[in-house]
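*Asks:* Build me a model from this:
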Amino acid sequence: MDILLDVDGVLRNIVDVLIRIYRRELDPTTTITHKDIKMFDVRPAMPLVEDPKQFFFIDHAAEVFGTALPYPGVIAAINEMYEDHDIHIVTNQFPGNESITLNWLWNWEIPYHSISFIKDKTRLSDAGDVLLDDKLKTLLDFRVVKGAIPVCHSQPWNSEWDGLRVGSLQEFNELLRWKHVLTAYKDYPVVTHQTL
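*Replies:* Now for the predicted structure:
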């Protein structure tokens, strides 16, 4: 199968780095954890950040994307996946941060067959059989375009997703073994959405 695989929130745990930077730079007494980040916009959990994109993804990009750890089990799971499937990394990175992500993938020896840095991942919906992503809007968009089957990597910020869901890359590998479930899911009813 051709797998479309997101990076941040699926392979790379940037949230722990965001919390570390927030604690060090703005609020040394904060007690927030990964579970407290309920939205892509982190301001409700980190109210002292005026512009999260500028602060984290531009001013501190090298630390956020370069020092983040893979989620537990990612390395073994992706190596197993690579043996049986074609892995296409599809990730939305801020301009200028692509090299940090490429270096991160290289340093952690994460194998893949191709990589696309792209904001609108639905443009690649026909390039894969299955998409694993953590962003609710991307998952809903894939459901509408009827390309690759969207599978959600569970995170606190995507609890509203009502489709296929896994808690880890290992669970995703298990799901890939059940091709008949994925095939049946291809005809899942379309759910439209307003603004997410």
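*Asks:* For the rest of this, base every contact and every neighbour count on C-alpha atoms.
*Replies:* Will do.
*Asks:* Domain boundaries for this protein, per the record?
*Replies:* Taking automatic domain parsing as the domain assignment, the ranges for the chain are 2-12+69-185, 13-67.
*Asks:* Which stretches in this structure count as helices?
*Replies:* Listed in chain order, the helices found in the chain under DSSP state H are 15-25, 52-54, 61-67, 74-84, 98-107, 136-145, 169-177, 179-185.
*Asks:* sorry, back to before: could I get the domains of the chain in a markdown table, plus columns for mean pLDDT and mean neighbour count?
*Replies:* Conversion of the domains of the chain to a markdown table gives the following (pLDDT from 0 to 100; neighbours: other CA atoms under 10 Å):
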| stretch | mean pLDDT | mean neighbour count |
| --- | --- | --- |
| domain 2-12+69-185 | 91 | 18 |
| domain 13-67 | 95 | 16 |
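*Asks:* List the residues that contact the spatially most distant residue from the centre of the chain.
*Replies:* Here the centre of the chain is the reference, and by CA atoms, centre = their mean the most remote residue is Thr29, at 28.4 Å. Contacts for Thr29 (CA atoms under 8 Å, 6 or more residues apart in numbering) come out as Arg23.
*Asks:* which ones are touching Phe56?
*Replies:* Taking CA under 8 Å, 6+ apart as the definition of contact, the neighbours of Phe56 are Leu18, Val64.
*Asks:* ok, now the one 10 residues further on?
*Replies:* Applying CA under 8 Å, 6+ apart, one finds that Gly66 lies in contact with Ile100, Thr101, Asn103, Trp104.
*Asks:* one more time with 10 Å, if that's ok
*Replies:* When contacts are counted by CA atoms under 10 Å, 6 or more residues apart in numbering, Gly66 touches 12, 14, 17, 60, 97, 99-105, 107.
*Asks:* Likewise for Lys119?
*Replies:* Under the criterion of CA under 10 Å, 6+ apart, the contact partners of Lys119 comprise Val90, Thr91, Asn92, Gln93, Phe94, Thr138.
*Asks:* Now it, what are its backbone angles?
*Replies:* Backbone geometry at Lys119, expressed as degrees, to the nearest 10, gives phi -80, psi -50.
*Asks:* you'd agree Val145 is up against Asp120?
*Replies:* No. The pair Val145 and Asp120 does not pass the contact test of CA atoms under 10 Å, sitting 11.8 Å apart.
*Asks:* re the thing from before, could you find which two of the contacts of Lys119 are furthest from each other?
*Replies:* Of all pairs drawn from those, the one with the longest distance (CA to CA) is Phe94 and Thr138, at 16.5 Å.
*Asks:* Distance of Arg177 relative to Glu171?
*Replies:* When CA to CA, to the nearest Å is the yardstick, Arg177 and Glu171 sit 10 Å from each other.
*Asks:* Also His34?
*Replies:* When CA to CA is the yardstick, His34 and Glu171 sit 20 Å from each other.
*Asks:* just how off-centre is stretch 56-69 within its chain?
*Replies:* When C-alpha coordinates are averaged (CA atoms, centre = their mean, to the nearest Å), stretch 56-69 and its chain have centres 15 Å apart.
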